[in-house]
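Visitor: Just need the structure, nothing else, for what follows:
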Amino acid sequence: MKLATYKDGSRDGQLVVVSRDLGLAHYATGIASRMQQVLDDWTFMAPQLQDLYQQLNAGKAPHAFAFNPEQCMAPLPRAYQWADGSAYLNHVELVRQARNSEVPATFYTDPLMYQGGADDFIGPCDDVVVPSEAMGIDFEAEIAVVTTDVPMGSTPAQALQGIRLVMLANDVSLRNLIPAELAKGFGFFQSKPATAFSPVAVTLDELGDAWDAGRLHLTLQSIWNGRKVGMCDAGPEMTFHFGQLIAHICKTRNVRAGTIVGSGTVSNKGVGEGSAMQWPKGYSCIAEKRCIETIQTGQPVTEFMKFGDTIRIEMKGRDGQSIFGAIDQTIAAPESAV
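Guide: Residues are numbered from 1 along each chain as shown. This is a model prediction of the structure:
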């Protein structure tokens with residue numbers, strides 16, 4: 001099934017069920033009013049939502065209405081935890097290569113993760129409000145999952161059983177703030193503003209065989225200012241699958257229902273050798289493009305985002321239909337934000 005949260009003036013919005021083709025929606029009020037309620041009591045509520053979903057797809061839901069992504073908050077508007085990984089080691093390798101440094105061996109055995117702000121997500125069509133262009137505004141196209149309770153000490157295989165929903169993310173980064181923060185030895189903070197998520201979150205059965213052992217084998221599209229800059233394969237080059245990412249968190253603590261775990265920037269390896277290397281699948285963040293340019297020519301030339309720039313992130317199924325709807329945002333200064 002597909003679930004979304006509509007804006008209603010409250011912090012947590014109203015839960016809606018969305019048809020498979022993203023054409024229709026229906027309030028889930030008679031079952032649950034908020035997404036977190038469903039995650040807290042999944043076994044009881046999910047079958048009821050599934051029944052409503054089937055009615056909606058069959059055209060038999062009497063109070064259905066046209067689905068409008070612009071009315072959406074993040075599917076889970078605020079979460080108990082937002083933990084983002086760096087599961088595509090090619091992204092790390094490119095960054096290190098551009099700096100003429102090697103990737104530590106431990107990066108290949110132990111996932112990189114940081115804990116982001118979970119109290120203030122933004123909707124898929126909301127402006128990305130940034131105080132200054134000088135901060136180095138960048139999009140990051142990612143996949144994210146939402147969990148139920150996963151106990152401390154869970155194995156990757158056990159952790160996979162705790163995934164309830166999948167969605168897309170734009171994990172906005174302020175690149176020019178990152179070096180000074182990391183130099184303090186305590187990780188990202190101001191350099192990671194509010195994250196945006198796709199209009200809908202979907203259950204694993206909606207993905208069919210594209211979901212395989214914690215990886216989503218489909219193409220993630222990134223369109224910057226109307227130009228397609230990324231068509232990255234999300235599955236084969238994901239070094240750590242979602243079960244491994246969740247198990248990494250569970251090493252010393254429980255993961256509770258309503259935790260969101262991100263994949264990190266979806267990234268694919270280049271082809272060719274030496275200065276002839278090319279990246280035909282493009283990129284899922286500008287920082288990676290700048291690293292590629294540095295590797296190819298010795299210096300980056302692509303600038304970070306400006307006010308008024310747009311970014312669209314979307315994933316289509318093998319039938320060519322959008323699965324999650326699109327993250328479709330504009331970069332805005334505080335005084336111009338709606």
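
Visitor: Show me the shaky parts of this structure.
Guide: 274-275, 336-338 (pLDDT under 70).

Visitor: let's see it at 80
Guide: Along the chain, segments meeting pLDDT under 80 span 273-276, 336-338.

Visitor: all helices of it, in order?
Guide: 35-40, 42-57, 89-98, 156-160, 178-183, 242-249, 286-297 (DSSP state H).

Visitor: now stretch 131-138: how far from the chain's centre is it?
Guide: 20 Å (Cα atoms, centre = their mean, to the nearest Å).

Visitor: quick one: terminal-to-terminal distance for it?
Guide: Distance between the boundary residues of stretch 131-138 (Cα to Cα, to the nearest Å) amounts to 13 Å.

Visitor: what does stretch 252-268 give?
Guide: Stretch 252-268 has an end-to-end distance of 31 Å (Cα to Cα).

Visitor: for stretch 155-169, same thing?
Guide: 25 Å.

Visitor: So for that stretch, what gets flagged as buried?
Guide: The neighbour-count check on stretch 155-169 (16 or more other Cβ atoms under 10 Å) flags 156, 159, 160, 162, 163, 164, 165, 166, 167, 168, 169 as buried. (Glycine included, C-beta is placed from N, CA and C.)

Visitor: Mind checking which of those land in strands?
Guide: When DSSP state E defines the strands, the subset of the buried residues of stretch 155-169 inside them is 163, 164, 165, 166, 167, 168, 169.

Visitor: Of those residues, which is the nearest to residue 122?
Guide: The nearest member of those to residue 122, counting by Cβ to Cβ, is residue 169 at 10.9 Å.

Visitor: how about the helices of the chain in a markdown table, adding distance to residue 132?
Guide: Formatted as a markdown table, the helices of the chain follow (distance: least, Cβ to Cβ, whole Å):
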| stretch | distance to residue 132 |
| --- | --- |
| helix 35-40 | 33 |
| helix 42-57 | 42 |
| helix 89-98 | 23 |
| helix 156-160 | 39 |
| helix 178-183 | 15 |
| helix 242-249 | 32 |
| helix 286-297 | 16 |
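
Visitor: Pick the most deeply packed of these.
Guide: A comparison of the helices of the chain by mean neighbour count, using mean count of other Cβ atoms under 10 Å, puts helix 242-249 on top with a mean of 24.

Visitor: angle of that one against strand 163-170?
Guide: 90 degrees (axes from the mean of the first three to the mean of the last three Cα atoms, to 10 degrees).

Visitor: What is helix 242-249 packed up against?
Guide: strand 81-85, strand 113-116, strand 141-147, helix 156-160, strand 163-170, strand 259-262 (3 or more Cβ pairs under 8 Å, 6 or more residues apart in numbering; DSSP states H and E).

Visitor: Which of these sits closest to residue 288?
Guide: The minimum distance between residue 288 and those falls on strand 141-147, with 10.3 Å, by Cβ to Cβ.

Visitor: Pull out the buried positions in that closest one.
Guide: Buried-residue list, strand 141-147, by 16+ other Cβ under 10 Å: 141, 142, 143, 144, 145, 146, 147.
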